[in-house]
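J.: Okay, sequence plus prediction incoming.
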Amino acid sequence: MRRLAAILLLLGLATPAAAEPLRYQLDAARSRVSFEADFTQGVIRGQMPVRAAELVLDFDRAAASRVRVTLDPAAARANIPFATEALKGSSVLDTRRFPEILFESTAVRATPTGATIAGRITIRGVTRMVMLDARLYRPEGSQADERDALSVLLTGSVPRSAFGASGFPDMVGDVVRLKILARIRRAG
């Protein structure tokens, strides 16, 4: 039932039409950008902090929603100690030359289970299109029209070689899987 309410909320069907898109602020301390890639010894997992985020959601017209997020790759951490430094090095993210990763949405489309967000992601100065699946959740026990505090789960993947982040190909897989949990609060 909670999942249905979240889907209806995302599609704008749970409440009367909102007058305009709503601006949200990211709660960076409670949010996380997680990534993982296959590794010869298993899986490398890590997290990267968000430096800045601009979030506008339109619950009546998903296509009017927009997202812009800047990540801080120099502060990324991996579950394998030597992988953290390798990740930041010149053959992977090259954080000295490229101190940020940027995502900007280009299209948001409602789906039966949430939304699909298409956008441009820039890694190492290279920009490519990426598709993310989004699901929106209200706090447990909140009203069906609650829009003040929400959680957004985004999932997708990128091929690291498409951005020139191709170091250690004999040890690390090319596909980087993304799982982003964004805790957001309506801007006052």
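T.: Okay, I see it.
J.: how many other residues sit next to the nearest residue to A75 once chain neighbours are set aside?
T.: If the residues on either side of it in the chain are set aside, A75 comes closest to P49, at 5.0 Å by CB to CB, 6 or more residues apart in numbering. Where you see a C-beta, it was placed from the backbone N, CA and C, and this is true even at glycine. Taking other CB atoms under 10 Å as the neighbour definition, P49 ends up with a count of 16.
J.: same deal with A115?
T.: Number of residues near A115 (other CB under 10 Å) recorded here: 22.
J.: what's next to the helix or strand that contains R51, contact-wise?
T.: Secondary structure from DSSP states H and E places R51 in strand 50-57. Among residues not part of strand 50-57, those counted as contacts by CB atoms under 8 Å, 6 or more residues apart in numbering are 21-26, 28, 31, 33, 64-72, 100, 182, 184.
J.: Which PyMOL command selects the buried ones in those residues?
T.: With 16 or more other CB atoms under 10 Å as the criterion, this PyMOL line picks the buried residues out of the contacts of strand 50-57:
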select buried, resi 21+22+24+26+31+33+65+66+67+69+70+71+72+182+184
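J.: ok, the closest residue to A162 other than its chain neighbours - how many residues close by?
T.: Distances taken as CB to CB, 6+ apart place R128 nearest to A162, at 5.4 Å, with adjacent residues excluded. For R128, the tally of surrounding residues (other CB under 10 Å) stands at 13.
J.: For the host helix or strand of R128, the averaged confidence score.
T.: Element membership for R128 (DSSP H and E) is strand 126-137. When the per-residue pLDDT values of strand 126-137 are averaged, the result is 96.
J.: Provide the strand pairings for that strand, with the direction of each partner.
T.: In the sheet, strand 126-137 lines up against strand 114-123 (antiparallel), strand 149-159 (antiparallel) (DSSP bridges).
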